[in-house]
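Chemist: Task: produce atomic coordinates for the following.
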Amino acid sequence: MKRRYIFLILILSFFAGLAVASFAGFKDFLPALLRGSVVTIKLTVMAYIVALVLAFAAGLAKLSPLWSIRWLAIGYIEIFRGTSSLVQLFWIFFVLPEFGIMLEPMQAGVLALGLNVGAYGAEVVRAAVLAVPREQYEVTTALNFSRAMALRRIILPQAIVAMIPTWGNLFIELLKGTALVSVITLTDLTFAAYQLNQSVLRTMEIFALALVIYYFMAQVSRIATSALEERLGQGLSRGRA
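Modeler: Residues are numbered from 1 along each chain as shown. Reported below is the predicted structural model:
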């Protein structure tokens, strides 16, 4: 009931924002901003998938007993957490072509954001795996599970539930961070708003509407994350019972 109430408020707020936008006389600008929003959503989802893959690979690699694999993961995590995401984007889009690697703006944006968020997510994965009660590890030993089977069937299902809130926050941060790609002329929501403002010089109205759209997308993501966490948590509880 609480989620439905919050979602209703969000819907009403969104359409109230659209009504204000129409009254302000720039409803003709909305289609361009919505097209930019579609690009932002696509970029966010694709970069998030890349980040998930890298985070699980690096997070589990950091727990590896093999020092070479462990230090490879540490190197990736430290480099992408310790440097500017904007500089990382510039390196991928402007420097890689010097080595013959040409990427489209969307590809560069997905790769740069995915690498950056994946480095933060790797620590989330590692911490969640380590937080699983030791008794669960003892169960896998008693059942004579291999390390891979223990992770897949016992450890990760519990760790994933613990990761969801943080991964939900990372998704929202990624959504907001997509504005960086406007500097490489990818027509996301931010760049679409910038182009409109250059044409009509309605700065306050255009960027106010862009803020409303960003806020709406972030809140929908937050509600979806809460619903997923609750659903998986119930499934895990039934499994234990």
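
Chemist: least trustworthy helix or strand in this protein by mean pLDDT?
Modeler: Across the helices and strands of the chain, mean confidence by mean pLDDT, DSSP states H and E is lowest for helix 2-23: a mean of 58.

Chemist: can you give me how far stretch 106-121 is from the chain middle?
Modeler: Between the centre of stretch 106-121 and the centre of its chain there are 9 Å (Cα atoms, centre = their mean, to the nearest Å).

Chemist: Quick check: buried residues in that stretch?
Modeler: Of the residues in stretch 106-121, 106, 108-121 count as buried by neighbour count, 16 or more other Cβ atoms under 10 Å. The C-beta positions use only the backbone N, C-alpha and C, and glycine is treated the same way.

Chemist: Then stretch 125-142?
Modeler: For stretch 125-142, by 16+ other Cβ under 10 Å, it's 125-126, 128-129, 132, 140.

Chemist: And stretch 197-210, by the same measure?
Modeler: 197, 202, 205-210.

Chemist: Then stretch 37-53?
Modeler: Applying 16+ other Cβ under 10 Å to stretch 37-53 flags 37, 39-41, 43-44, 46-48, 50-52 as buried.

Chemist: for the residue nearest the centre of the chain, what are its contacts?
Modeler: With distances taken as Cα atoms, centre = their mean, the chain has residue 171 as the residue nearest its mean C-alpha position (2.8 Å). Contacts of residue 171 were listed using Cβ atoms under 8 Å, 6 or more residues apart in numbering, and they are 44, 48, 221, 225.

Chemist: From the residues you listed, pick the one nearest residue 93.
Modeler: Closest approach between those and residue 93, by Cβ to Cβ: residue 44, at 17.9 Å.

Chemist: Tell me who's in contact with residue 163.
Modeler: Counted by Cβ under 8 Å, 6+ apart, residue 163 has contacts 124-125, 128.

Chemist: change it to 10 Å
Modeler: 52, 55-56, 59, 121, 124-125, 127-129, 131, 156, 170, 229 (Cβ atoms under 10 Å, 6 or more residues apart in numbering).
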